[in-house]
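S.K.: take this sequence and fold it.
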Amino acid sequence: LKRRVGELKDFLDAVLLRDHFWNVRDWADWSGGQVRPGVLIRASTLTRWQGEPELRQWLDHYDIAQIIDLRGDQPRDGAPYKTDTLQGINYAQYPITQATPMDQNDRAPHYLDLALNNLPTIVAVFNRLAQTDGCSVVHCYAGVDRTGVVMALLGNLLGLPRDTLVRDYVASAADLYAHSMANFLEGIEARGGAWKLLSDAGLKESFVVRIRERLLIDPKVGEVRWPVQDCKDKPI
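M.R.: Modelled structure (predicted):
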């Protein structure tokens, strides 16, 4: 309590900037110190805060260079971005299509279908991450399912431990079950891992190297499973 008014205001402003938005967080937060902060943010759609001054303050504070939007144009996905919201920000829309029903008690089968049916789109997302400097935001509507699948595939691609990716997933909402993400990742590994699936869909090794250099604090940590035709697993 023995603080100046200005110090208290700065503290409250910092809390507001951190907690004002629902399910918006630096991907590094749950990485166990393996991911570099301030490079990639996973989120629910930022359009729900358009018109609020806190959104512009947040975008400027984190120096957001790029927003990658996984939503389609359906009304249930929320409003589109306004031109003034995107001022000074590169914006790209890569809709992840959802064709199968989802069991809330185990979302893994839905996630697996979602991933396998959208591999070229996910490759395009990763290409953007590899080629854009500055901080990027990746989001869908709630930031749980489509964003969760993309971020889990990215983590698997970078060699992050499964339990790390599960913890990051369940941090998005109280009604999420760890086994949904764990079973999804098990299904991905059973098919050769994210690198096998994504490289078959067109992802280039050089882009993976660039993503690792940008995101990982130590790019030599972790291992990528390279294609079967390479006859061996070779870490970057």
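
S.K.: how much space between Met151 and Ala28?
M.R.: 12 Å (Cβ to Cβ, to the nearest Å). To be clear about C-beta, it is placed using only N, CA and C from the backbone, and glycine gets the same treatment.

S.K.: can you check Val138 too?
M.R.: Distance from Val138 to Ala28, by Cβ to Cβ: 13 Å.

S.K.: same check on Ile64?
M.R.: For Ile64 relative to Ala28 (Cβ to Cβ), the value is 15 Å.

S.K.: could you do Trp22 as well?
M.R.: 19 Å.

S.K.: more crowded one of these two?
M.R.: In this view Trp22 and Ala28 are compared by other Cβ atoms under 10 Å, and Ala28 has more residues nearby, 19 against 13.

S.K.: can you show me the strands along the chain?
M.R.: Using DSSP state E, the strands of the chain run over residues 24-26, 40-43, 64-69, 90-93, 135-139.

S.K.: most packed of these?
M.R.: Comparing these by mean neighbour count (mean count of other Cβ atoms under 10 Å), strand 40-43 ranks first with a mean of 24.

S.K.: distance between it and the chain's centre?
M.R.: Offset of strand 40-43 from its chain centre (Cα atoms, centre = their mean, to the nearest Å): 5 Å.

S.K.: what helices or strands is that strand leaning on?
M.R.: With contacts taken as 3 or more Cβ pairs under 8 Å, 6 or more residues apart in numbering; DSSP states H and E, strand 40-43 sits against strand 24-26, strand 135-139, helix 146-158.

S.K.: please enumerate residues in contact with that strand?
M.R.: With contact meaning Cβ atoms under 8 Å, 6 or more residues apart in numbering, strand 40-43 is reached by 21, 23-28, 62, 64, 129, 135-139, 143, 147, 151, 168, 215.

S.K.: let's go with 10 Å and repeat that
M.R.: With Cβ atoms under 10 Å, 6 or more residues apart in numbering as the contact definition, strand 40-43 has outside contacts at 21-31, 58, 62, 64, 66-68, 129, 135-140, 142-144, 147-148, 150-151, 154, 168-169, 171-172, 211, 214-215.

S.K.: that strand: partners in the sheet, and parallel or antiparallel?
M.R.: Here strand 40-43 is paired, per DSSP bridges, with strand 24-26 (antiparallel), strand 135-139 (parallel).
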